[in-house]
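*Asks:* predicted model and sequence follow; I will ask about them next.
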Amino acid sequence: MLSLDARGRRKEALQVAEELAASLRQYPEEWKEQWVVSVCEELIDRNPVPRELGIPQMRYPLLRDLIYPVLLRRYARRDADAARWFAWLMRRYSNAGRLWEQLPPDAQTSFAMLRRAAEWSPDDVRVTVPLVEHLTAWFHHAMHELPMGVLYGMNGASVEQCGEMLEELERLEGLIRRLGWEDRYARMLEYWRRQVRCYAAYLSQGEIRPYEAWLELHFPDWRLRG
C-alpha cells in the first residue's frame, strides 16, 4: 500500500486495504489484537518508513474495521498504550470524525486521550512528551493575537477561563518538571502566567481601554516573550 501511495495510485491502495481488512476480519480476536498492537508499535512508536515516503498511512478500511475496534476494547480496559495510540491517530486522521464521534464523550479529542494515558501511565515519557507539546502549542495559540487579548480556543478568554488556564499551567509545569526540562521552559511559563493573570485583571476591572493600553501600563515588558 505504501508503494502504491508513493506512486500516486491511491485508489488501488484503498482497494488493497479493503481486501486486506476483509481477510483479516476472519481471524480470531486474539490474533487481531496482536496484529493491531504490532502495527501500532511499528508505525507509531518506531516508524521505520524511509523519510522519502513520509509518515506511514493507515488506510481507512484497516482503521475502521480492525485498528479502531481493537484499540477501543483495550481502552475500555484502561490500557494507556491504546489511549496514546488513539491520540496519535486522532491527530493524524482528523477527517475520520465518524469514528472518533463513537468514542465516549470525554474521550473524543487527542488531548483527552493523552490526559487519560497520563492518568493510567504517569511515568511513561511517550505520553508525557506529546502532552507537553500539545499544551505548549495550545498556550502559544492562546497568545498569538496579543496585544488584542488572550484566547481560549478561538475566542477571547473569560475571567473563569483564565482561571482554568492558570490551573493548566500548573499541570504543565509539573509535567515539565517530570521530564527535567525546567530550564527550557521556565521563562515561557512565567510569561504565560503573567499574561493570563494580567488579562484576567483587565476583564475583571471592566476596562473600556483596549487591552494594549492596559498592558503598557501594567505589564510594560510584555513584548519580551519567554
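*Replies:* Good, I have the coordinates.

*Asks:* and residue 151, its phi and psi?
*Replies:* The phi/psi pair for residue 151 (degrees, to the nearest 10) reads phi -90, psi 150.

*Asks:* who's the closest spatial neighbour of it, skipping the chain neighbours?
*Replies:* If the residues on either side of it in the chain are set aside, residue 151 comes closest to residue 142, at 4.7 Å by CB to CB, 6 or more residues apart in numbering. To be clear about C-beta, it is placed using only N, CA and C from the backbone, and glycine gets the same treatment.

*Asks:* quick one: least confident helix or strand in the chain?
*Replies:* helix 2-6 (a mean of 47; mean pLDDT, DSSP states H and E).

*Asks:* for the closest residue to residue 118 other than its chain neighbours, give its distance to residue 185.
*Replies:* Closest residue in space to residue 118, ignoring its immediate chain neighbours: residue 127 at 5.0 Å, by CB to CB, 6+ apart. The gap separating residue 127 from residue 185 is 18 Å, by CB to CB, to the nearest Å.

*Asks:* can you check residue 179 too?
*Replies:* 9 Å.

*Asks:* these two - which one has more neighbours?
*Replies:* residue 185 (19 against 13; other CB atoms under 10 Å).

*Asks:* next, the more buried one: secondary structure please.
*Replies:* State at residue 185, reduced to three classes by DSSP: H, G, I helix; E, B strand; the rest coil: helix.

*Asks:* which one is it nearest to, not counting chain neighbours?
*Replies:* residue 176 is the one closest to residue 185 (CB to CB, 6+ apart), at 5.0 Å.

*Asks:* residue contacts, the one you found?
*Replies:* 132, 182, 184-185, 189 (CB atoms under 8 Å, 6 or more residues apart in numbering).

*Asks:* could I get the residues you listed as CSV with pLDDT and distance to residue 201?
*Replies:* Shown next, in CSV, are the contacts of residue 176 (pLDDT from 0 to 100; distance: CB to CB, whole Å):
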residue, pLDDT, distance to residue 201
132, 94, 27
182, 93, 27
184, 92, 28
185, 94, 24
189, 95, 19
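
*Asks:* need the per-residue pLDDT for the residue nearest to residue 151.
*Replies:* pLDDT recorded at residue 142 is 95.

*Asks:* in this structure it contacts residue 148, no?
*Replies:* No - in this structure residue 142 lies outside contact range of residue 148 using CB atoms under 8 Å: 11.9 Å.

*Asks:* among these two, which residue is more densely surrounded?
*Replies:* More crowded of residue 142 and residue 148, by other CB under 10 Å: residue 142, with 24 against 11.
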